[in-house]
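Student: I would like the atomic coordinates for the input below:
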Amino acid sequence: MIFNSIEEAQKSIHQIKTKEKELMTEQLKEILENEKINTLLQPIINLSNNNIIGYEAFNYGPEGNLKSPRKLFWLAKESDLTCRLDKICREKAVKKAIENKSNGLLFININLDAIGSPVFKEFLDSSSFISNKIPHDKIVFEVSEQSAVTNTDLFKMTFNYLKSMGFKTAIDDAGSGYYTNLQMINKIKPDFVKIDIPLIRDIDKDIIKQELVSTIVRLSSRSDIKTIAEGIETSVELNTLRDLNVQYGQGYFIAYPS
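Tutor: Got it, this is the predicted structure:
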């Protein structure tokens, strides 16, 4: 009786979760249909002189269950809607940079799953960058290092393809898979390496994190790759990163996305 009760409870929970997911998927479709994506820009600064070198675009859903970018993109992947969401976010990022007359580089996150789609190729081949006065070399496409763990060949091919078209590239979340990260830096040679937030958090108190970041910086500098620290939240983190010769940085201590 106890076993049957547990089994029934588990089935009920599964049914509730399935129903919730179905409702959220309908919400996502409505968001995509009406392009209800809010794009904010966060400045990235040169840590040696505090000058802004560019902005990263962050995309949020409307108020409610799907405001979080993480949840938004997770559900899009689960619902096979990644390409549509990615397309809207890219276009919104470019338009926002134009509206704000943002000088410098524009950092745009792209999903590895969406890159092979005809929609992405159409986006790259379009004249949107030229007509909006954003040349290719002012666009930095960020691809998460975590993608390289599951598909190294596609990861490398993607970077080569983007660079061949004149775009700049960045490995995002570097340090989340430390060995893979070192391999990717050496093989792919992106323009930027963005050091993952967990490595930055409380780095002033952690000698191991300092050594790991120092190694990434040294390896990157040998290939003329620039390093960017993500998620800087305190002055002591910022000063430690300066001491470690990290070139650029972003985070709430510097400025919130706005």
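Student: residues touching the residue nearest in space to the middle of the chain, list them.
Tutor: The C-alpha lying nearest the average C-alpha coordinate of the chain belongs to Asn109 (Cα atoms, centre = their mean; 4.1 Å). Contacts for Asn109 were tallied using Cβ atoms under 8 Å, 6 or more residues apart in numbering; they are Glu56, Ala57, Cys89, Glu142, Val143, Ser144, Asp172. Where you see a C-beta, it was placed from the backbone N, CA and C, and this is true even at glycine.
Student: ok, now Phe192?
Tutor: Phe192 makes contact with Val140, Lys168, Thr169, Ala170, Ile171, Ile225, Lys226, Thr227, Ile228, Tyr248, according to Cβ under 8 Å, 6+ apart.
Student: again, 6 Å this time
Tutor: Taking Cβ atoms under 6 Å, 6 or more residues apart in numbering, we find Phe192 in contact with Ala170, Lys226, Ile228.
Student: From those, which land in helices?
Tutor: Applying DSSP state H to these, no entry is found in helices.
Student: With distance to Ile185, neighbour count and pLDDT added, can I get the residues you listed in CSV?
Tutor: CSV is the format used below for those (distance: Cβ to Cβ, whole Å; neighbours: other Cβ atoms under 10 Å; pLDDT from 0 to 100):
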residue, distance to Ile185, neighbour count, pLDDT
Ala170, 11, 25, 91
Lys226, 12, 19, 95
Ile228, 13, 26, 97
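Student: was I right about Ile232 contacting Ala255?
Tutor: No: judged on Cβ atoms under 6 Å, Ile232 makes no contact with Ala255 at a distance of 10.1 Å.
Student: More neighbours: which of those two?
Tutor: Legend: neighbour count by other Cβ atoms under 10 Å for Ile232 and Ala255, higher for Ile232 (24 against 15).
Student: for the more buried one, what are its contacts?
Tutor: Residues near Ile232 by Cβ under 6 Å, 6+ apart: Leu238, Gly249, Gly251, Phe253.
Student: Since that was my last question, I'll sign off now.
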